[in-house]
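Student: Build the 3D model from these lines:
(chains A and B)
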Amino acid sequence: RKEVEQDPGPFNVPEGATVAFNCTYSNSASQSFFWYRQDCRKEPKLLMSVYSSGNEDGRFTAQLNRASQYISLLIRDSKLSDSATYLCVVNKRGKAAGNKLTFGGGTRVLVKP
Amino acid sequence: GAVVSQHPSWVICKSGTSVKIECRSLDFQATTMFWYRQFPKQSLMLMATSNEGSKATYEQGVEKDKFLINHASLTLSTLTVTSAHPEDSSFYICSARDPPGGGYGYTFGSGTRLTVV
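Tutor: The predicted structure follows:
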């Protein structure tokens, strides 16, 4: 079983619609959670960190459910420029864990006019 | 914000030759850098953790003699793919943790697309 799992998609989303997807992680020692965005043939870029209480950044809302070990990302009022692969990333902080990031396989989102 | 510069952005080399990829942290010191590899339609897989002034830590299954990592200064880590073969063709990306005050994220270099022919 992969440590971080995502639905690969693609999620075909009409422009202006809302889309949401989840990511599950298997290691309960995970402490930090992020959503990264990766465009085709480019490096990942941090979209937002995910906090325990949930957080919002403009049209993007992230939620964390530690009990069920999943995080979610919701995109409201989708724009064409939101088309990308969204990577769920988990970090077990601390020296023993080496501060290493573990990436999910990514969820591809295609926003269409 | 923090910037990590990676060079070259793409390289084509002949089978059997070696290729060096550089990763520099600009305006901040990175005692630790991470090297990833990404095959088409797959996610990033951590290859190794580069530690300034000491040996790199390699992930299971990654050949340390093939992927040489050097982290000689606080701002530069290099990955050398030795005796490259077509199966080494991939997207290689480095990253460094954001400096204190920069949040808990990690900044990535722009990646190097390696094609071995």
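Student: what's next to the host helix or strand of B:His71, contact-wise?
Tutor: Applying DSSP states H and E as the criterion places B:His71 in strand B:67-73. By C-beta atoms under 8 Å, 6 or more residues apart in numbering or on different chains, the residues outside strand B:67-73 that reach it are B:33, B:35, B:47-48, B:50-54, B:56, B:58, B:77-82. For every residue, glycine as well, the C-beta is placed using N, CA and C.
Student: number of nearby residues for residue 43?
Tutor: With no chain named, the answer covers chain A. The criterion is other C-beta atoms under 10 Å in any protein chain shown. On that basis, A:Glu43 has 22 neighbouring residues.
Student: that's the wrong chain, I wanted chain B
Tutor: The criterion is other C-beta under 10 Å. On that basis, B:Ser43 has 22 neighbouring residues.
Student: who's in contact with it?
Tutor: Applying C-beta under 8 Å, 6+ apart, one finds that B:Ser43 lies in contact with A:Leu87, A:Phe103, A:Gly104, A:Gly105, A:Gly106.
Student: among these, which are within reach of chain B?
Tutor: Subset of the contacts of B:Ser43 in contact with chain B: A:Leu87, A:Phe103, A:Gly104, A:Gly105, A:Gly106, counting by C-beta under 8 Å from any C-beta of the partner chain.
Student: For these, give me a markdown table that also has neighbour count, secondary structure and pLDDT.
Tutor: Formatted as a markdown table, the entries for those read as follows, by neighbours: other C-beta atoms under 10 Å in any protein chain shown; DSSP: H, G, I helix; E, B strand; the rest coil; pLDDT from 0 to 100:
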| residue | neighbour count | secondary structure | pLDDT |
| --- | --- | --- | --- |
| A:Leu87 | 25 | strand | 96 |
| A:Phe103 | 24 | strand | 92 |
| A:Gly104 | 25 | coil | 94 |
| A:Gly105 | 19 | coil | 93 |
| A:Gly106 | 25 | coil | 95 |
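Student: Done for today, thanks.
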